[in-house]
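Build me a model from this:
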Amino acid sequence: MKFGTKAVHAGVKPDPTTGAIMTPIYQTSTYVQPSPGKHKGYEYSRSQNPTRDALQSNLAALENANHGLVFASGMAAIDSVLRLLKPGDEVLSSNDLYGGTYRLFTQIYQEAGIKFRFVNLLDLTRVSEHFNENTKMVWIETPSNPMMNIIDIKGLSGVCKKFNALFCVDNTFATPYLQNPIKLGADIVMHSVTKYISGHSDVVMGALMLNRDDLHEKLAFIQNSTGAVAGPQDCFLVLRGVKTLHIRMQRHCENGRRIAFFLKSHPKVKDVFWPGFEDHKNHDIAKRQMSDFGGMISFALKSDKIENAIALMENLKLFSLAESLGGVESLVGHPASMTHATIPREERLKSGLKDSLIRLSVGIEDAEDLVIDLEKALG
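Numbering: from 1, shown residues only. Just a heads-up that it's a prediction; the model follows:
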C-alpha cells in the first residue's frame, strides 16, 4: 500500500455500530464490564482507548513499524524512552539538539544518575571512539534542530548494534513521508506529532514507533504507569490531520526549496542551512535516506548583529513569529531566545547556533507571497 493510501486508511475502520466513516471520539474514562475482570478489550482510558488505538495503528503503518504509542507530548514520549535506563548508564547524543530534549537530558535525568555526552556524529569514521561499556543508548535528530545537520542513520545503526546500544531517532523534521528510520535500522522512532503529522497547530502530542515486541511491552507499561497518554479529542484531530500529510509535505518541500534558493541568492544573507543544497555537508546522505528535503530552513544574515535579525523577524507579515513548526502556516523563530534558550550559550556556539540565527518553518501558502514577505523584511 502506498503512503498516501495508508495516510487515509491505515488503522481506521468504519464504526461497527453506526457505519460512521470517521473514528468516533471515545470520550470516556471507563468501560462497563459484564463480569469482574471480563471486558471487551477496554478497562480504563489511561490504559486503552479506541480512538487512541486507531491513531497508534495508523502512525505505525506510516512509519513501517509493528507498534505505535502516542503520548501527551513529544517530551512525554522522550521521557518514557529514558525510563528504560538505570543510574550509571550513558547516552550518546549529537551536539545539535532541540533545547527541550537537552533540558530533559541534563536537568532531569542527569540528576538521576544517567550520563549524557554530546558529540559530533556527522562523521561515522570516528564514532566508535565515543562508545564504552556503559553506552546503552544513542539519541539523534536528523535533520537536526536548528542547524539542519544530517546523520547517516543506516551507518550509525550498524555501530549501535556492534555495541548493543539502543538506537533512537527523532524523525520530527522529516516525518514518515520523507524518511523511515525503522527501515534504516533504528530501534525507536520519535515524533513530535504536534508538528507536521498533526499539521494544524491545534494539538500537542508525541509518538513512538518501533518493531521490537519486548520494547513495546516495556514502553506501554511505562506509559500506562506514568499516565503520559494522549486524550481522545487530540487523537481524533490528528487522525483527521494525518489524512493530508502526504499532500501537505509535498507543498512544504516545494515551498521550502523555493525559499532556500531565494535566501541563498540574496545579497544580505550569509549562510542558509537546508539539506537540499549540493554543498550542504552530508547532502549525499540526505539524498540517500530522504525522499525530499523538507520545509525547515535556518539562515544567518551577513550582519551578525542580533538587532538586525530581530528587526527582520518583527517585520515579517506572513511568517508569524512563534514557537513550534510544521503547521500549514509559515512560522519564523529565534532559536537562541526561544526553542534553544535552555542550552548554555557556549554550548550553542559550539554547534554553530549563533545568537543571530533565524529558523523558518515554511508553510503551504503560495510560495510567491512568502518570497515577497521575506524580500520586504530583508529590505
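
which residues touch the helix or strand of the chain with the lowest mean pLDDT?
Counting by mean pLDDT, DSSP states H and E, the chain has its least confident helix or strand at helix 345-350, which shows a mean of 82. Contacts with helix 345-350, where a contact means CB atoms under 8 Å, 6 or more residues apart in numbering, come from 95, 118, 335-336, 340, 354-355. In short, each C-beta sits where N, CA and C put it, glycine included.

Can you tell me which of these are buried?
Among those, those buried by neighbour count (16 or more other CB atoms under 10 Å) are 95, 118, 335-336, 340, 354-355.

secondary structure class for Cys168?
Counting by DSSP: H, G, I helix; E, B strand; the rest coil, the backbone at Cys168 sits in strand.

partners of it in the sheet?
As for beta bridges, Cys168 partners with Trp139, Ile188 under DSSP bridges.

Go ahead and confirm it touches Asp187.
Yes: contact between Cys168 and Asp187 holds when scored by CB atoms under 8 Å: they sit 6.6 Å apart.

which of these two has more neighbours?
Ranked by neighbour count (other CB atoms under 10 Å), Cys168 and Asp187 place Cys168 first, with 26 against 21.

Kindly provide the distance from the residue nearest to His9 when sequence neighbours are not counted to Leu210.
Once flanking residues are discounted, His9 sits nearest to Met1: 7.8 Å by CB to CB, 6 or more residues apart in numbering. Between Met1 and Leu210 the computed distance is 20 Å (CB to CB, to the nearest Å).

Neighbour count: those two, which is higher?
In terms of neighbours (other CB under 10 Å), Leu210 is the more surrounded of Met1 and Leu210; the figures are 24 against 9.

What score does the nearest residue to the more buried one once chain neighbours are set aside have for pLDDT?
Closest residue to Leu210 in three dimensions, ignoring its sequence neighbours and counting by CB to CB, 6+ apart: Ile188, at 4.9 Å. Predicted confidence (pLDDT) for Ile188: 98.

Need the pLDDT of Leu312.
Leu312 is given a pLDDT of 96.

Confirm that it lies within a helix, as I assumed.
Yes: according to three-state DSSP, Leu312 belongs to a helix.

For it, give me its contacts.
Contact partners of Leu312, counting by CB under 8 Å, 6+ apart, are 301, 358, 377-378.

Would you quantify the distance from it to Lys376?
Counting by CB to CB, the gap from Leu312 to Lys376 is 10 Å.

Kindly report the same for Lys350.
34 Å.

With Leu318 instead?
Taking CB to CB as the measure, Leu318 falls 10 Å from Lys376.

ditto for His67
From His67 across to Lys376, the span is 48 Å (CB to CB).

quick one: which of the two has more around it?
Taking other CB under 10 Å, His67 and Lys376 do not tie; His67 has more neighbours (21 against 12).

Need phi/psi at that one.
Note on His67: backbone dihedrals following degrees, to the nearest 10 are phi -140, psi 150.

same question, the one 3 residues further on
Listed backbone geometry of Val70 is phi -110, psi 140, with angles given as degrees, to the nearest 10.

any idea which element Ala60 lies in?
helix 50-62 (DSSP states H and E).

repeat for Glu368
Judged by DSSP H and E, Glu368 forms part of helix 367-378.

Repeat that for Asp271.
Asp271 is part of strand 269-273, with elements assigned from DSSP H and E.

Quick check, Ser45 in contact with Asp53.
No: judged on CB under 8 Å, Ser45 makes no contact with Asp53 at a distance of 10.8 Å.

How far does stretch 96-116 stretch from one end to the other?
One end of stretch 96-116 to the other measures 13 Å (CA to CA, to the nearest Å).

Okay, buried residues for it please.
Using 16+ other CB under 10 Å as the test for burial, stretch 96-116 gives 96-106, 109, 114-116.

Out of the residues you listed, which comes closest to Ala228?
Of all the buried residues of stretch 96-116, Leu104 has the smallest distance to Ala228: 12.8 Å, by CB to CB.

gap between that closest one and Phe277?
32 Å.

For stretch 299-313, buried residues please.
For stretch 299-313, burial by neighbour count (16+ other CB under 10 Å) applies to 299-301, 306, 309-310, 312-313.

Tell me the one of those residues nearest Thr135?
Ala300 (33.8 Å).

quick check, nearest of the contacts of Leu312 to His39?
Nearest member of those to His39, counting by CB to CB, is Ile358, at 52.8 Å.

Run a quick check on that closest one versus Ile306, I expect a contact.
No: in this structure, Ile358 is not within contact of Ile306 by CB under 8 Å, at 10.4 Å.

Quick one: residues contacting Thr23.
12-13, 15, 50-51, 54, 236, 239.

quick one: what helix or strand has it in it?
Using DSSP H and E, no helix or strand contains Thr23.

Skipping its backbone neighbours, what lies nearest it in space?
That would be Ala54: by CB to CB, 6+ apart, it lies 4.6 Å from Thr23.

With Lys354 instead?
Of all residues not flanking Lys354 in the chain, Ala300 sits nearest, at 6.2 Å (CB to CB, 6+ apart).
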